[in-house]
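Colleague: starting from these lines, generate the structure:
(chains A and B, ligands or ions: 1)
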Amino acid sequence: MKVLVAVKRVIDYNVKVRVKPDNTGVDLANVKMAMNPFCEIAVEEAVRLKEKGVASEIVVVSIGPKASQEQIRTALALGADRGIHVETDEEVQSLEAAKLLKAVVEKEEPKLVILGKQSIDSDNNQTGQMLAALTGMGQGTFASEVVVEGDKVNVTREVDGGLMTVALNLPAVVTTDLRLNEPRYASLPNIMKAKKKPLDNMSPADLGVDIAPRLSTLKVEAPASRQAGVKVADVAELVDKLKNEAKVI
Amino acid sequence: MSILVIAEHDNSSLKQATLNVVAAAKAIGGDIDVLVAGENCGAVAEAAAKAEGVNKVLVADNAAYGHFLGENLGELVAEVGKGYSHILAAAGTVGKDFMPRVAALLDVAQVSDIMRVESEDTFVRPIYAGNAIATVKSSDSIKVVTVRPTAFDPVAGEGGSAAVEQLDVVKDAGLSQFVNEELAKSDRPDLASAGIVVSGGRGMQNGDNFKMLEQVADLMGAAVGASRAAVDAGFVPNDMQVGQTGKIVAPQLYIAVGISGAIQHLAGMSDSKVIVAINKDEEAPIFQVADYGLVADLFEAVPQLEEELKKVM
Ligand SMILES: Cc1cc2nc3c(=O)[nH]c(=O)nc-3n(C[C@H](O)[C@H](O)[C@H](O)COP(=O)(O)OP(=O)(O)OC[C@H]3O[C@@H](n4cnc5c(N)ncnc54)[C@H](O)[C@@H]3O)c2cc1C
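Modeller: Alright, predicted model coming up:
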């Protein structure tokens, strides 16, 4: 079966984020960018399904500026077979990303679509569920285990109370949580091979999707910063402060 | 304006988060209806009817909603919610699952995890693991919004007397089935709404050592949480993870034990009123946000803490 994986280029998770002085956004100039960590987990899961003989082809898609091709190449080096780049320099919000992915799903007809549960820039946690709704598919969100059996996929989900397993009819959408797998690193030979794998380029207009945003960001501010407090000498002093100074116990 | 709040519950009791979401709805202003979707959830509807500020409780009681499957709730809420100006739910794993489906079915954007209401169409929310705070304005006719419960003081759960109305809308999308669940059983308070949280990290070394934290927690009536590293290592289950991609907590007192204080962890707890850090590394970033820091080996400090607490509690 064919698996479609969506990946996003975001700020590297180790980078200290700085708000621009004019409060219009976050400073991304000369900042290290990388594949969203949850998308790495999505790619890894698809590769494992291929290694198990469950997936026959892995198509990786990314929406974003020209530089997003780096993340597509990374996914190809990790084991995806071909890439699709929906290229735009405009801001693409979740609903519009889901509409673009829906158009790709209609062309490619994958049996399984795997996405990260959230991207660590906008922290929205929406695109996979929106794609599932728009395409009329079931969804296994926040997945910690994915098992394909015949024309169904069983997804174990990380929920507030613990774990919950659902069975979905295929085709279906899965969004990854942290404990689904531990992504591998790409080897140098595979990075070289990835350069020759096919990568299609298209625009949102080619897919017939209007990507005008519905939400406008009025301002972006730094959070109220916490002041470091005091160091206590020992446990007795700590308990005394909690009881008599902070009065929280 | 008319606001539909989707209740969070387990079919037998209403979760406190619902009262926080009603508070967010009050901040927007307008009539507030609450939808209780579940199976054999009559007691939940009665509880919701008593919440302060609720106009009407709508009940969709059907096996299709028993396990809160996102596909079925999505269709139901899109249908019931289309006459409202706002649809609100808590940003827990149930709300995060079905609300984007609602938004997509209504062809509107969703505003996730709001911390503040500026006006009926403008909301404040964290981005980049809380390292930036965005004010966003929605131009859609229906605002689909998930709410960070800890950011809103709950309305009173008693005193109201809203009418309860049964709905006969049954939406079974037929796309998914519930197979099973493994829910953590604990007599401790719920992590997300506990007044005191004691969390352990990789420094705890194994799951058995978490017993030390549980003993301290039980003396104070606290919940026990964990860092991602402690969950990934298998010390404790996933429902205990605090952080950007786990649970958001804002207790009166948060005690971080053997946790370094990565930004992804801070994103889940930095709104706590008082933060205590116990860590043997005095350079650990957690000390930059801690009100009280104790540089010590946790294997000595935690048993001492238990003894000291016994004297004063
Ligand atoms: C996409 C993404 C999402 C993430 N989401 C989350 C999230 O939601 N929540 C989260 O917590 N993390 C999250 N993380 C992980 C985060 O980046 C850190 O790796 C993690 O929080 C580290 O956990 P820790 O502090 O327990 O471990 P470490 O960073 O290894 O720190 C262990 C600490 O214990 C101290 N210690 C060790 N032994 C002792 C001792 N005997 N006595 C006292 N102190 C001791 C050490 O000095 C050290 O400071 C995420 C990461 C990514 C990439």
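
Colleague: all helices for chain B, in order.
Modeller: For chain B, helices defined by DSSP state H occupy the ranges B:16-28, B:42-49, B:70-81, B:93-105, B:210-220, B:228-232, B:263-269, B:298-312.

Colleague: just want the residue of chain A that's nearest the ligand.
Modeller: Closest contact between chain A and the ligand, by C-beta to the nearest ligand atom, is at residue A:37 (3.7 Å). In short, each C-beta sits where N, CA and C put it, glycine included.

Colleague: longest strand of chain A?
Modeller: Counting residues, the longest strand found in chain A (DSSP state E) is strand A:138-149.

Colleague: quick one, whatever helix or strand comes next after it and helix B:93-105 angle?
Modeller: Per DSSP states H and E, strand A:138-149 leads on to strand A:152-159 as the next helix or strand towards the C-terminus. Interaxial angle, strand A:152-159 versus helix B:93-105 (axes from the mean of the first three to the mean of the last three C-alpha atoms, to 10 degrees): 120 degrees.

Colleague: the helix or strand that strand A:152-159 is followed by near chain B anywhere?
Modeller: Remark: after strand A:152-159, the chain's next helix or strand is strand A:162-169, criterion DSSP H and E. Yes. Using C-beta under 8 Å from any C-beta of the partner chain, strand A:162-169 reaches chain B at A:162, A:163, A:164, A:165, A:166, A:167, A:168, A:169.

Colleague: from what I can see the fourth one touches residue A:154, true?
Modeller: Yes. The pair formed by residue A:165 and residue A:154 meets the contact definition of C-beta atoms under 8 Å, at 5.9 Å.

Colleague: joint contacts of the two?
Modeller: Common neighbours of residue A:165 and residue A:154 are listed as A:145, B:179 (criterion: C-beta atoms under 8 Å, 6 or more residues apart in numbering or on different chains).

Colleague: what about residue A:45, how many residues close to it?
Modeller: A count of nearby residues for residue A:45, using other C-beta atoms under 10 Å in any protein chain shown, gives 23.

Colleague: once you drop chain neighbours, what's closest to residue 176?
Modeller: No chain in the question, so chain A it is. In space, and not counting its chain neighbours, residue A:176 is closest to residue A:41: 4.2 Å by C-beta to C-beta, 6 or more residues apart in numbering or on different chains.

Colleague: ah, no, chain B please
Modeller: residue A:138 (4.1 Å).

Colleague: what sits against the one you found?
Modeller: By C-beta under 8 Å, 6+ apart, residue A:138 lies in contact with A:132, A:166, A:168, A:169, A:172, A:173, B:71, B:173, B:175, B:176.

Colleague: any idea how far chain B is from the residue of chain A closest to the ligand?
Modeller: Distance of residue A:37 to chain B, given as C-beta to the nearest C-beta, to the nearest Å: 9 Å.

Colleague: which residues are in contact with that residue?
Modeller: Contacts for residue A:37 (C-beta under 8 Å, 6+ apart) come out as A:13, A:116, A:120, A:178.

Colleague: so which of the residues you listed is the most crowded?
Modeller: residue A:116 (28 neighbours).

Colleague: how much space is there between residue A:164 and residue B:69?
Modeller: Separation of residue A:164 from residue B:69 (C-beta to C-beta, to the nearest Å) stands at 10 Å.

Colleague: which residues do the two both contact?
Modeller: Common neighbours of residue A:164 and residue B:69, using C-beta under 8 Å, 6+ apart, are residue B:178.

Colleague: quick one, what contacts residue B:151?
Modeller: Residues counted as contacts of residue B:151 (C-beta under 8 Å, 6+ apart) are B:20, B:24, B:114, B:115, B:116, B:250, B:271.

Colleague: which residue is the nearest non-sequential neighbour of the last one?
Modeller: For residue B:271, the nearest residue in space outside its immediate sequence neighbours is residue B:250; the separation is 4.0 Å by C-beta to C-beta, 6+ apart.

Colleague: put the buried members of the contacts of residue B:151 into a ChimeraX selection.
Modeller: Entered in ChimeraX, the line below selects the buried ones among those, by 16 or more other C-beta atoms under 10 Å in any protein chain shown:
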select /B:20,24,114,115,250,271
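
Colleague: make CSV out of the contacts of residue B:151 and add pLDDT and distance to residue B:78.
Modeller: Below are the contacts of residue B:151 laid out as CSV (pLDDT from 0 to 100; distance: C-beta to C-beta, whole Å):
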residue, pLDDT, distance to residue B:78
B:20, 98, 23
B:24, 98, 20
B:114, 98, 20
B:115, 98, 25
B:116, 98, 26
B:250, 96, 31
B:271, 95, 32
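
Colleague: now, the contacts of residue B:151 that are in strands?
Modeller: If you go by DSSP E, the contacts of residue B:151 have B:114, B:116 in strands.

Colleague: next, count neighbours for residue A:198.
Modeller: There are 10 residues near residue A:198, going by other C-beta under 10 Å.

Colleague: so what pLDDT did the residue lying closest to it once chain neighbours are set aside get?
Modeller: Spatial nearest neighbour of residue A:198, excluding adjacent residues (C-beta to C-beta, 6+ apart): residue A:82 at 4.4 Å. Each residue has a pLDDT score; the one for residue A:82 is 98.
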